[in-house]
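*Asks:* sequence unavailable; structure follows:
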């Protein structure tokens, strides 16, 4: 349970958690506002929306492996701070351009690209930083608390985002994400626990860059647990992002949902995410680690429920689909992220996480582009079906691989 545990007395983790929580909430605003601006203000096509979404993740397959090596050669907290500062300036350009009547699609493309690139640096540093901030025995608790914040943000954030877009307009509402990211900069700066210099701790500080990169790749490809996990998450992300391009087009253009209430549907769906966080520990304990991961990985089949939506009950039906699909996400995330952090030595955490991100987030831009192409070529509804089925089929990786046989988390690896 998130209300219990050692980390309530860990001041530096609480600072880290606070900043993360704030940005989880405010990030919901820009996450919904950017595609809303594209669809309703700039009247983009399905393909253009797919390109916008893809640019937000293109850095992961192109730069991910390089970033992993860099993160194992430098302290991770300064990287997170710099990434957030760049995001502040980039996001602030959207309301500024709107005020001066110069906002256009190419600027949104650039914002998506820069925010996505800095997110890559932040996320690799972020996941690699947690095991050095807290004891290995507290890693699962830390991930549970971080996932609780994510779930709460997903429950409340979309409705707040819709309200802000209705009140201030989609472009101006992004100001709140700028403020939230600034808060995260300050809370990270206040963490006092010294972070060791990876270069100083390395047995061989003269190792070749690409030798280190290969070591990160090998950490995934030579470990059947990590490779299975990568295949499952990559498949899920591919399908989900095909679906994600189509769902907003479906809601805004076919069902006629307004920007002032679309967030309510996502908030209803996020209640399922919150429920998953709250019962993750007991759910996993009852089913066993492997079965819990397998069941949670197949939840995306529920996204097909959105096809039952009509104009009158669109928000409720879309919300119900996301509720069922989202229930398994935190159960999957808490268990699989904890698993890879526990079984990987700290000295290659950055490279392992970067390689994993390259694989599992590398399918996101591919899914977004396919979603745009399919929406334009086959239509919005067929794209929803394709995305849901592809994402749901990810569970096959788990039941056919070694993770399904695990009853609990293995013993932590000693560095």
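*Replies:* All right, it came through fine. Predicted, not measured: the structure shown is a model, and the values here were computed from it.
*Asks:* from here on, just use CA atoms for contacts and neighbour counts.
*Replies:* OK.
*Asks:* need the next SSE after the least confident helix or strand in the chain by mean pLDDT, C-terminal direction.
*Replies:* None of the helices or strands of the chain scores lower by mean pLDDT, DSSP states H and E than helix 198-201, at a mean of 55. Of the helices and strands lying after helix 198-201 in sequence (DSSP states H and E), the nearest is helix 209-221.
*Asks:* for that next one, which positions count as buried?
*Replies:* Using 16 or more other CA atoms under 10 Å as the test for burial, helix 209-221 gives 212-213, 215-217, 219-221.
*Asks:* give me the buried positions along stretch 133-143.
*Replies:* 133-134, 136, 138-143.
*Asks:* can you check stretch 216-235 too?
*Replies:* 216-217, 219-221, 225-235.
*Asks:* re earlier: and which of the buried residues of stretch 133-143 is nearest residue 157?
*Replies:* residue 143 (19.9 Å; CA to CA).
*Asks:* list the contacts for the closest one?
*Replies:* 334, 337-338 (CA atoms under 8 Å, 6 or more residues apart in numbering).
*Asks:* can I get these in JSON lines including pLDDT and secondary structure?
*Replies:* Formatted as JSON lines, the contacts of residue 143 follow (pLDDT from 0 to 100; DSSP: H, G, I helix; E, B strand; the rest coil):
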{"residue": "334", "pLDDT": "85", "secondary structure": "helix"}
{"residue": "337", "pLDDT": "83", "secondary structure": "helix"}
{"residue": "338", "pLDDT": "84", "secondary structure": "helix"}
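*Asks:* buried subset of the residues you listed as a ChimeraX selection?
*Replies:* To isolate the buried ones among the contacts of residue 143 in ChimeraX, judged by 16+ other CA under 10 Å, type:
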select :334,337,338
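*Asks:* and the two most separated of the buried residues of stretch 216-235?
*Replies:* Most distant of the buried residues of stretch 216-235, by CA to CA, are 216 and 235, 21.0 Å apart.
*Asks:* re the thing from before, lowest-confidence entry in the buried residues of stretch 133-143?
*Replies:* Of all the buried residues of stretch 133-143, residue 136 carries the smallest pLDDT score, 73.
*Asks:* surely it and residue 342 touch.
*Replies:* Yes: shown here, residue 136 and residue 342 form a contact pair, counting by CA atoms under 8 Å, at 7.1 Å.
*Asks:* can you list the weak-confidence ranges in the stretch 101-250 of the chain?
*Replies:* Counting by pLDDT under 70, the ranges of the stretch 101-250 of the chain that qualify are 196-207, 209.
*Asks:* now do the strands in it.
*Replies:* For the stretch 101-250 of the chain, no strands are identified by DSSP state E, counting those that start in this stretch.
*Asks:* do the stretch 251-400 of the chain as well
*Replies:* Using DSSP E, counting those that start in this stretch, strands in the stretch 251-400 of the chain do not occur.
*Asks:* for it, which segments count as helices?
*Replies:* Under the criterion DSSP state H, counting those that start in this stretch, the stretch 251-400 of the chain carries helices at the ranges 262-287, 289-297, 314-342, 349-377, 380-392, 395-399.
*Asks:* hmm, who's touching the shortest one?
*Replies:* Contact with helix 395-399 is made by 228-229, 231-232, 290-291, 293-298, 404, as judged by CA under 8 Å, 6+ apart.
*Asks:* which one is residue 152 nearest to, not counting chain neighbours?
*Replies:* residue 274 (6.3 Å; CA to CA, 6 or more residues apart in numbering).
*Asks:* how close does that neighbour sit to residue 11?
*Replies:* In this view, residue 274 and residue 11 are 25 Å apart by CA to CA, to the nearest Å.
*Asks:* these two - which one has more neighbours?
*Replies:* Each of residue 274 and residue 11 has its neighbours counted (other CA atoms under 10 Å); residue 274 has more, 26 against 13.
*Asks:* the more buried one against residue 153, yeah?
*Replies:* No: using CA under 8 Å as the test, residue 274 is too far from residue 153 to be in contact (9.2 Å).
*Asks:* where does pLDDT dip in the stretch 251-400 of the chain?
*Replies:* 350.
*Asks:* what do you get if the cut-off is 90, keeping everything else the same?
*Replies:* Applying pLDDT under 90 to the stretch 251-400 of the chain flags the ranges 259-260, 263, 266-267, 269-281, 310-312, 329-330, 333-359, 361-362.
*Asks:* residue 249 - how many residues pack around it?
*Replies:* With other CA under 10 Å as criterion, residue 249 counts 23.
*Asks:* hmm, I was thinking of residue 377
*Replies:* Residue 377, neighbours per other CA under 10 Å, totals 13.
*Asks:* what's the answer for the one 3 residues further on, then?
*Replies:* Neighbours of residue 380 under the rule other CA under 10 Å: 23.
*Asks:* likewise for residue 237?
*Replies:* 26.
*Asks:* I figured it was touching residue 357, is that so?
*Replies:* No: using CA under 8 Å, residue 237 makes no contact with residue 357, being 11.2 Å away.
*Asks:* returning to what we had before: just the closest of the buried residues of stretch 216-235 to residue 410, please.
*Replies:* Nearest member of the buried residues of stretch 216-235 to residue 410, counting by CA to CA, is residue 225, at 11.0 Å.
*Asks:* could you check the distance from that closest one over to residue 393?
*Replies:* In terms of CA to CA, residue 225 sits 18 Å off from residue 393.
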